[in-house]
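Colleague: Sequence first, predicted coordinates after that:
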Amino acid sequence: MFNLDVPFFPEQASSLAGRIDGFIFSLVGLSAFFATIVAILIVYFGVKYRYGNKEVDRTNPMQENSKLEFGWSFIPLVISLTVFVWSAQVYFEIYTPPQDTLNLSVIGKQWMWKIQHPDGRREANELHIPVGQAVKLTMTSQDVIHSFFIPAFRVKQDVIPGRFTTMWFEATKVGEYHLFCAEYCGAEHSRMIGRVVVMEPTEYEEWLREGNALTSAGGTDSSGAALFQQQGCSTCHKLDGGKGLGPNLTGVYNSEVALESGGTVLADEEYLRESITNPQTRIVAGYPEIMPTYQGQLSPEELLTLVDYLKSLGSGETAALEN
């Protein structure tokens with residue numbers, strides 16, 4: 001189904017790829033450099049101090065060399081600190097997505113990837129994205145642990161049942177790239193493959209419109225707003241500013257929520273998921289402990305759709321910017 005001609009070093013096709021490759025190749029170069037020095041010294045000393053060589057001094061006289069001792073302590077320290085600072089910068093860049101991202105939802109299941117775009121269009125084992133646009137994936141698994149891996153983008157993230165994980169990237173080249181599951185997930189693990197299609201922004205918008213037309217023709221409404229109504233969320237959570245049995249969810253995403261037990265919590269994707277599946281864990285201050293759990297009542301797709309809808313209602317960051 002897919003071409004599996006994968007080169008040893010895939011091309012760099014994301015904004016992160018160059019920095020990650022540069023760091024890894026530098027570590028490999030440092031390791032090779034010092035390994036070569038150690039190997040040469042082993043051979044040299046093995047030959048010089050071989051058994052029976054009468055030309056070497058074996059009295060082991062005590063010697064001191066402050067410059068040598070300082071050098072073999074200070075130089076490795078500088079190298080180690082440089083590697084630490086460099087790796088920390090790359091790490092924070094990988095795990096800190098930009099503010100303006102295209103947010104997609106991903107479900108991993110044996111043995112396929114199911115992806116949903118903000119407008120509701122879905123696809124399986126394919127991911128269509130625009131070039132030059134930062135993309136953030138919010139992912140969960142329907143069964144076992146999977147791992148979402150795009151070699152050309154140099155990004156990989158475990159996808160875990162019962163929780164959300166995220167990753168981001170920005171494609172820099174139009175084309176098609178391999179998508180793999182990098183975590184053994186069962187008998188058909190090797191078939192859990194797909195492709196990432198990077199398109200020009202205008203082509204991507206056209207692709208989305210085609211999908212919307214197909215969805216409209218099907219006559220089904222799987223939007224977060226419809227799910228919010230169907231599950232009875234609107235009974236307790238008012239979105240028009242009115243007072244309900246539960247807190248107002250408009251603008252709750254990425255805001256600080258005061259808890260009944262004291263303190264606050266950031267209302268990120270994981271907090272929203274937990275509040276739906278296990279609402280008694282962290283009760284919002286000033287509200288009764290009456291919300292039932294939706295654990296097992298919503299599929300992973302529905303849970304992601306509902307969380308995406310809550311995010312679309314605004315965020316604490318947006319409110320802060322408006323103020």
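Modeller: Nice, I can see it.

Colleague: so where is this protein shaky, pLDDT-wise?
Modeller: 1-7, 211-222, 235, 238, 240-243, 296, 316-323 (pLDDT under 70).

Colleague: Spell out the secondary structure type for the residue lying farthest from the centre of it.
Modeller: Taking CA atoms, centre = their mean, the residue of the chain most remote from its mean C-alpha position is Lys54, at 62.8 Å. Following DSSP: H, G, I helix; E, B strand; the rest coil, Lys54 is assigned to coil.

Colleague: Tell me which residues touch it, please.
Modeller: Listed by CB atoms under 8 Å, 6 or more residues apart in numbering, Lys54 has no contact partners. Heads up, the C-betas are built off the backbone N, CA and C, glycines and all.

Colleague: same check, this time on Leu303
Modeller: Contacts of Leu303 by CB under 8 Å, 6+ apart are Thr140, Arg273, Ile276, Thr277, Tyr294.

Colleague: Which of these fall in helices?
Modeller: Residues of the contacts of Leu303 located in helices (DSSP state H): Arg273, Ile276, Thr277.

Colleague: Any chance of CSV for these, columns distance to Gly246 and neighbour count?
Modeller: Shown next, in CSV, are the ones in helices among the contacts of Leu303 (distance: CB to CB, whole Å; neighbours: other CB atoms under 10 Å):
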residue, distance to Gly246, neighbour count
Arg273, 16, 20
Ile276, 11, 21
Thr277, 15, 17
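
Colleague: For Ser105, the count of nearby residues, please.
Modeller: Residues near Ser105, counting by other CB atoms under 10 Å, number 23.

Colleague: Please, which helix or strand holds it?
Modeller: strand 102-109 (DSSP states H and E).

Colleague: who touches the helix or strand following that strand?
Modeller: As assigned by DSSP H and E, the chain's next helix or strand after strand 102-109 is strand 112-116. For strand 112-116, contacts defined as CB under 8 Å, 6+ apart pick out 104-108, 122-127, 148, 179, 181, 192, 194, 301, 304-305, 308.

Colleague: Derive a PyMOL selection command for the buried subset of those residues.
Modeller: In PyMOL syntax, the buried subset of the contacts of strand 112-116 is picked out as below (16 or more other CB atoms under 10 Å):
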select buried, resi 104+105+106+107+108+123+125+127+148+179+181+192+194+301+304+305+308
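
Colleague: Just the contacts of strand 112-116: which are in helices?
Modeller: Short answer: those in helices (DSSP H) are Glu301, Leu304, Thr305, Asp308.

Colleague: residues touching the third one, list them.
Modeller: Right, the one you point to is Thr305. Ser105, Gln116, Ser222, Ser223, Gly224, Leu227.

Colleague: mind listing the strands for the stretch 51-200 of the chain?
Modeller: Secondary structure of the stretch 51-200 of the chain, counting by DSSP state E, counting those that start in this stretch: strands at 102-109, 112-116, 122-124, 126-130, 134-141, 146-150, 155-159, 165-170, 175-181, 193-199.

Colleague: coming back round to it: can you lay out the ones in helices among the contacts of Leu303 as JSON lines showing distance to Cys236?
Modeller: JSON lines is the format used below for these (distance: CB to CB, whole Å):
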{"residue": "Arg273", "distance to Cys236": "18"}
{"residue": "Ile276", "distance to Cys236": "13"}
{"residue": "Thr277", "distance to Cys236": "16"}
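
Colleague: so which of these comes closest to Tyr204?
Modeller: Arg273 (27.8 Å; CB to CB).

Colleague: so who does the nearest residue to Pro118 once chain neighbours are set aside touch?
Modeller: Closest residue to Pro118 in three dimensions, ignoring its sequence neighbours and counting by CB to CB, 6 or more residues apart in numbering: Asn103, at 6.1 Å. If you count contacts by CB under 8 Å, 6+ apart, Asn103 has them with Pro118, Lys136, Thr138, Asp308, Lys311.

Colleague: Could you dump those residues into CSV and include distance to Thr82?
Modeller: As requested, the contacts of Asn103 are exported to CSV (distance: CB to CB, whole Å):
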residue, distance to Thr82
Pro118, 41
Lys136, 30
Thr138, 34
Asp308, 41
Lys311, 39
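
Colleague: which among those end up buried?
Modeller: Lys136, Thr138, Asp308, Lys311.

Colleague: could I get the strand holding Ser105 in CSV with only the CA atoms?
Modeller: Only the C-alpha atoms of strand 102-109 are listed here, as CSV (Å, rounded to 0.1, in the frame of the first residue of the first chain):
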residue,chain,number,x,y,z
LEU,A,102,-3.4,24.2,13.7
ASN,A,103,-4.8,21.9,16.3
LEU,A,104,-5.6,18.3,15.1
SER,A,105,-6.9,15.3,17.1
VAL,A,106,-5.3,11.8,16.7
ILE,A,107,-6.6,8.4,17.8
GLY,A,108,-4.3,5.4,17.8
LYS,A,109,-5.9,2.0,17.6
